[in-house]
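S.K.: Below is the sequence, then the predicted model.
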Amino acid sequence: MTGYRYGRYVDGPDPLAPPTDLRAAMDELGREVMEGASPESALRELLRRGLPGQRGLDDLTSRLWQRRASIQRRHRLDGTLQEIRRLLDQALDAERTALFPDPDDEARFREAQLDALPQGTAAAVRELAEYDWRSPQARESYEQIQNLLGKELLDQRFQGMKQAMENVSPQDVERIKDMLDDLNQLLAAHAQGQDTPEQFRDFMRKHGEFFPENPRNVEELIDALAARSAAAQRMMNSMTEQQRQELSALSQQAFGNSGIGRQLSTLDSLLRALRPGEDWTGSARFRGNQPLGLGEGAQAMADLAELDALAEQLAQSYPGARLEDIDLEALVRQLGDEAGVDARRLAELERELRQQNLLERAPDGSLRLTPKALRRLGETALRGVIDSVRAQGQRDNTRAGAAGELIGSTRPWQFGDTEPWNVPRTVTNAVLRGGTGEISLDVVDVEISETEQRSRAAVALCVDTSWSMVQDGRWVPMKRTALALHHLVRTRFRTDALQLITFGRHAETVDIGQLTALEGVWEQGTNLHHALLLASRHVRRHPDAQPVVLVVTDGEPTAHLEADGEAEFYYPPQPRTLAKTIAEVDGLARLGAAITVFKLGDDPRLARFVDVVARRSGGRVVAPGEDGLGAAVVSDYLKSRRRR
C-alpha cells in the first residue's frame, strides 16, 4: 500500500480554513456606526475585539505583554558571571588540593599567590593568565573560563554560535579570528562606500557557516548583526555598574590572548556607526532567579524588542496602519502558530471588507461604508424586523407588489407564498434535478412568478435626532428602523419614493448613508414643524403617489422655523410653536396624508399632543418599545399600502 504523510499546510492560506464571516463582521460594523462611531473607528474596534470564535488584536496584545512580563520576572542577567566564578573557585580548589601535600617552598609560594588574588572575578582571571598550573584539573577549569567567555561573547553577536561551538579547538579560534577580521574589513569598506557585491559574495562563500540568517547583501548582513549587537548593548545597560565592569574586563580575555575580544569591540563600533537608528541606549529590569548567559541575555533583550515592535504593529495607531504590516514570522516565534493563524484571519477579514467593496475612502480621505455595505445592513435590519413581526403572529408579505401584475422575474417558492407558479421554470428544475431517469416534481423545483404593485407611494420618514434619543437608548433602534424601511422600499417597492428626514433644532433631508453614520450631539430642540415642512415638500413633488408620513419622536415640539429660516427654541413649548406645527399637520391632511406617530417614552404632554396630530390628520398613534420600533414602522407602511 502507498504510504501517506500529513503535515502542516505552509504554502499560502489554509485551503480548509473556514471562510471569512463577512456578514457577522458587517453586523458588528453596522452596530458601531449606528451608535455614532466613524466607520474607521468601528473597523478598528471590530479588529480589536474580534468576532465570536475569532480572537482579536486585544487578545494577541495581552498575550504579548504576558510573555514580556514573564521574561523579566523569571530571569536575571548575571548567568555568565556566576558560571565564571564557579569555574574559578573550582580551579582554585583543585590547585590548592594539589599544592597542599607538597612540603617545598615553591608550593607555599604558589599558595601565597592564590591567597593574594584580587576579590574581583575579572581581576583574578587576568592575574592567573600567566600562572603555571600544577593541577591538570585546575588548568582545565581555567581554560573553560576562557572558552566560555569567547563562546558567550560570540553568541551575543552571532545567533546560535554557542551551540555550534561546543568543543573549541585552536583551529576553530583561528577560523573565528579570520572571520571577524574579514567582517570588520567588509564593514569598514562599506562605511566608506568602497565595498563591492563581489567582496560580499566572497565573504559569504568563505564564512557563510557563521550566518544562518543567509543575508542576500551587505545591508541585510548589517541589519542582522546590528540588531543582535544592539540587544547585547541593551543587556549590558540593564546590568549593575559592577557587573558591566567585570564583563568588560573579562571580554578582553576571550579564548586566551587571541584578540577576539578586541575584534568584537571593533565590530560593535562599526555597527553602531552604520545603524545609529537601532536602540543602543535602552535597558530593561530583570528580577527573576533563573540566570541567563550573555547569549541568552542578548536573545532575551532581542525578544523584548521584538515584542515591543509587535505590540506597536497590533495597536495599529500609526498613520496608514494595516494588519498586513504585522510580522507574522515574529508573532509565531513569540506566541506560537495559533497566534499567527489569528492574525492572518484578522488581516484577511480587513482585506475582504475592502476587496468586497464594503468599505471605501471618501474624498476627504476618511473611511466610509459603501452602498453595498448599507444594503447588507438594511437587509439584516429588515430580517430582524420580519422576525419580530412573525413573533407577533403576522405573516411576512414577500410579494414584490400587491396588484398581481407579472414583472417577468421568478424566485424559489417559500412557505406562505400565494403567487402563481411559473410552470416552465418549475418543470425545467425538475428535469435538471432528475437527469435521464423518471421525472417527478418536488417542492424544491417550484418557482413562482413575482408580481408588482403599479401604484406608487411618497413616503416621508421623519426621525427625531434630539439628544434625548441618544440619552434614553433610542438612537440605534431609530437608525435600524430607517435602514429596514429603506431596504424594504428599495428591494420590494422600488417605485415608491422614500425621503428620510431628521429633526433636532433644525430638520434636514439625508440619505441612508448619512443617517447611518450620524453622530448624536447635544442639541436643544425638537423641530417637528420644520420636519413636516420638508415632508410636505416631498409629497408635493410626487402628486401621482399616495402620501405616507411616518414620525418617530420621544418629545413634544419645542422649536419651530421662522420666516427668515432661523429656528426658535422654547421650553416648555410656546403656543406659537404648537400652532405652527399643527398648521403643517393640517396642510399634509389636505394633501391626503394620514400621519402615523410612533411615540417613544411615557411623557404625558407628548401623548396629548400626538393624539391631536392623529385626530386632525386621520392617522394614528403607535407606542412601541425600542425593540419593537422597527416592526411597528414597517408594519404600518405595509398596512398603508394594503389599504390603498
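M.R.: Looks like it arrived, so ask away. Numbers count the residues shown, from 1 in each chain.
S.K.: C-alpha only now, for contacts and for neighbours.
M.R.: Noted.
S.K.: how many other residues sit next to Asp115?
M.R.: For Asp115, the neighbour count with other C-alpha atoms under 10 Å is 12.
S.K.: From Leu441, how far off is it?
M.R.: 106 Å (C-alpha to C-alpha, to the nearest Å).
S.K.: what does Arg85 give?
M.R.: To Leu441, Arg85 is 91 Å away according to C-alpha to C-alpha.
S.K.: More neighbours: those two, which one.
M.R.: Neighbours were counted for Arg85 and for Leu441 using other C-alpha under 10 Å; Arg85 has more, 18 against 14.
S.K.: buried stuff in the helix or strand where the more buried one lies?
M.R.: Using DSSP states H and E, Arg85 sits in helix 79-99. Buried residues in helix 79-99, counted by 16 or more other C-alpha atoms under 10 Å: 79-81, 83-85, 87-89, 91-96, 98-99.
S.K.: Output it as CSV, nothing but the C-alphas.
M.R.: Only the C-alpha atoms of helix 79-99 are listed here, as CSV (Å, rounded to 0.1, in the frame of the first residue of the first chain):
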residue,chain,number,x,y,z
GLY,A,79,24.5,33.9,34.5
THR,A,80,27.8,34.1,32.8
LEU,A,81,29.5,35.9,35.7
GLN,A,82,28.1,33.2,38.1
GLU,A,83,29.4,30.4,35.9
ILE,A,84,32.9,32.0,35.6
ARG,A,85,33.0,32.5,39.4
ARG,A,86,32.1,28.8,39.8
LEU,A,87,34.8,27.6,37.4
LEU,A,88,37.3,29.9,39.0
ASP,A,89,36.6,28.6,42.5
GLN,A,90,36.7,25.1,41.1
ALA,A,91,40.2,25.7,39.6
LEU,A,92,41.5,27.3,42.8
ASP,A,93,40.2,24.5,45.0
ALA,A,94,41.8,21.9,42.7
GLU,A,95,45.1,23.8,42.7
ARG,A,96,45.2,24.2,46.5
THR,A,97,44.4,20.5,46.8
ALA,A,98,47.4,19.6,44.5
LEU,A,99,49.8,22.0,46.4
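S.K.: shift numbering so it begins at 356
M.R.: Got it, first residue is 356 now, which makes that one helix 434-454.
S.K.: Run through who's touching that helix.
M.R.: The contact list for helix 434-454, computed with C-alpha atoms under 8 Å, 6 or more residues apart in numbering, reads 462-463, 465-466, 469, 476, 480, 488-490, 492-497, 499-500, 503-504, 507, 598, 601-602, 646-649.
S.K.: residue boundaries of the strands in the stretch 606-755 of the chain?
M.R.: 645-646, 714-716, 722-724 (DSSP state E, counting those that start in this stretch).
S.K.: Okay, buried residues for stretch 890-910 please.
M.R.: By 16+ other C-alpha under 10 Å, the buried positions in stretch 890-910 come out as 890-891, 893-894, 897, 900-910.
S.K.: any idea of the mean pLDDT in stretch 694-712?
M.R.: Mean pLDDT, computed over stretch 694-712, is 80.
S.K.: Output it as CSV, nothing but the C-alphas.
M.R.: What follows is stretch 694-712, C-alpha atoms only, in CSV (Å, rounded to 0.1, in the frame of the first residue of the first chain):
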residue,chain,number,x,y,z
ALA,A,694,-1.4,33.4,17.2
GLY,A,695,-0.1,33.6,13.6
VAL,A,696,-3.4,32.0,12.4
ASP,A,697,-5.5,34.5,14.4
ALA,A,698,-3.5,37.5,13.0
ARG,A,699,-3.7,36.1,9.4
ARG,A,700,-7.5,35.7,9.7
LEU,A,701,-7.9,39.2,11.0
ALA,A,702,-5.8,40.6,8.1
GLU,A,703,-8.0,38.5,5.7
LEU,A,704,-11.1,40.0,7.3
GLU,A,705,-9.8,43.5,6.8
ARG,A,706,-8.7,42.8,3.2
GLU,A,707,-12.0,41.2,2.3
LEU,A,708,-14.0,44.1,3.7
ARG,A,709,-12.1,46.4,1.3
GLN,A,710,-12.0,44.0,-1.7
GLN,A,711,-15.7,43.1,-1.4
ASN,A,712,-16.5,46.8,-1.8
